[in-house]
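[1] structural data only, the sequence is not supplied:
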Ligand code: TXA
Ligand code: MG
């Protein structure tokens, strides 16, 4: 059991972070404490990456198993050389194109990085965020910062300080509130140690953008995708047993018109069975659901994946806070950030998707 501590939330200017606030947060990091801070993707739960006992506290605060490795955040390219044993030409090209930004690179781990950071792997995940608060904090702390997303294990990542507070109050002394995160989905994790560079997690840097630098890059099919079931539209309610972190989510794919009709049918069945239904849709769908009796949450235009990505996790949390018992969600196109959006939705749906069978 962890002692409950007081959690302070301090507002900070996301573009021009106040030096005194950064110094206060950096002082905590230097003394081995945890600090929640904004990045351009999601909020991170940070601590000195080079001290194993301190890194252990990150896992404890999140309730995360030690088998799940962390990302080390740096503020300058030159910080990378201490963390890895070799920097390939490919890595150099990727850094030139995408750092600072939402790209995490899996590189060989140097002995300076404690094994606990990488869950004992021979590699380490490194990223240089482009958020001014994150960069200022890392520089002032004087060490790389290990940081997973600042949510409790299995919950959705936080895109505001309030989300992080809801999950971690009493478990961290300080949350820096720099407002909502611009990207809204986590960084792309790219394994450049693999024979062919492989995306382990689609994220803030799109596959298309990576292909301009690395035409051979490929996407790893996760265990969940491998076991992905495509289910007939007919009677989804009978076909699924769901496991989801908080509220079960049903994901619907297909042509917009037909997809809405099927979602509405499922919605009515659920409401008749006494369920409190939430729907996660796009602006284009809202009118179709207006009279449905469901809690309707729109993520923005389906044609603007940047908007949808930025609104996604907050949308899920809003429906949780509305205490719906089930979430019906539409799918989005996989172009650009859409690939990351689909990945997160598919995970929330335990790998299952309803789709017209052809
Ligand atoms: O955008 C982000 O990446 C955010 C912000 C805070 O930077 N961080 C984040 O961290 O999403 P986390 O811990 O929630 O996700 C890290 C991901 C996990 O999927 C983990 O398995 C993978 O990176 N990872 C970390 N180290 C790895 C390694 N050595 N090899 C393979 N995957 C690794
Ligand atoms: Mg996470």
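    Sure thing, it's come through. This is a predicted model, so every value here is computed, not measured. Residues are numbered from 1 along each chain as shown. Ligands and ions are numbered 1, 2, ... in the order given.
[2] which residues are in contact with the closest residue to residue 122 other than its chain neighbours?
    Spatial nearest neighbour of residue 122, excluding adjacent residues (CB to CB, 6 or more residues apart in numbering): residue 109 at 5.8 Å. Bear in mind the C-beta positions are built from the backbone N, C-alpha and C, glycine included. With contact set as CB atoms under 8 Å, 6 or more residues apart in numbering, residue 109 has these partners: 83-85, 117-118, 121-124.
[3] just the ones in helices from those residues, please.
    Using DSSP state H, the subset of the contacts of residue 109 located in helices is residue 83.
[4] greatest separation within the contacts of residue 109: which pair is it?
    Within those, 85 and 117 form the most distant pair, 14.9 Å apart (CB to CB).
[5] more neighbours: which of those two?
    residue 117 (24 against 13; other CB atoms under 10 Å).
[6] which of the contacts of residue 109 are buried?
    Neighbour-count burial (16 or more other CB atoms under 10 Å) is assigned, among the contacts of residue 109, to 83-84, 117-118, 123-124.
[7] distance to ligand 1 and pLDDT added to those, as TSV?
    Output for the buried ones among the contacts of residue 109, formatted as TSV (distance: CB to the nearest ligand atom, whole Å; pLDDT from 0 to 100):
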residue	distance to ligand 1	pLDDT
83	11	98
84	11	98
117	8	98
118	5	97
123	4	98
124	6	98
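[8] how about those residues in JSON lines, adding distance to residue 312?
    Shown next, in JSON lines, are the buried ones among the contacts of residue 109 (distance: CB to CB, whole Å):
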{"residue": "83", "distance to residue 312": "30"}
{"residue": "84", "distance to residue 312": "32"}
{"residue": "117", "distance to residue 312": "28"}
{"residue": "118", "distance to residue 312": "28"}
{"residue": "123", "distance to residue 312": "28"}
{"residue": "124", "distance to residue 312": "28"}
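[9] and the residue of the stretch 251-358 of the chain that's closest to ligand 1?
    residue 340 (10.3 Å; CB to the nearest ligand atom).
[10] which helix or strand contains that residue?
    Assigned by DSSP states H and E, residue 340 belongs to helix 338-348.
[11] let me know the next secondary structure element after that helix.
    strand 352-354.
[12] quick check: the gap between the closest residue to residue 148 other than its chain neighbours and ligand 1.
    Take residue 148 and drop its neighbours on the chain: the residue closest to it by CB to CB, 6+ apart is residue 70, 5.4 Å away. Going from residue 70 to ligand 1 by CB to the nearest ligand atom, to the nearest Å gives 5 Å.
[13] for residue 192, same thing?
    11 Å.
[14] residues contacting that residue?
    88, 90-91, 94, 105-107.
[15] so residue 103 bridges to which residues?
    Taking DSSP bridges as the rule, residue 103 bridges to residue 188.
[16] now do it, the pLDDT please.
    As predicted, residue 103 sits at a pLDDT of 98.
[17] what's the local residue count around it?
    By other CB under 10 Å, the burial measure for residue 103, its neighbour count, is 23.
[18] residue 14 now?
    Count around residue 14 with other CB under 10 Å applied: 19.
[19] which residues does it contact?
    Residue 14 touches 38, 131-133, 178-179, counting by CB under 8 Å, 6+ apart.
[20] ok, and the most crowded of those?
    Top of the contacts of residue 14 by neighbour count (other CB under 10 Å): residue 38, with 31 neighbours.
[21] quick one: buried residues of stretch 20-29?
    Applying 16+ other CB under 10 Å to stretch 20-29 flags 21-22, 24-26, 28-29 as buried.
[22] how about stretch 183-194?
    For stretch 183-194, using 16+ other CB under 10 Å, the buried residues are 183-193.
[23] I'd like the residues you listed as CSV, with pLDDT appended.
    Formatted as CSV, the buried residues of stretch 183-194 follow (pLDDT from 0 to 100):
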residue, pLDDT
183, 98
184, 98
185, 97
186, 97
187, 98
188, 98
189, 97
190, 98
191, 97
192, 97
193, 95
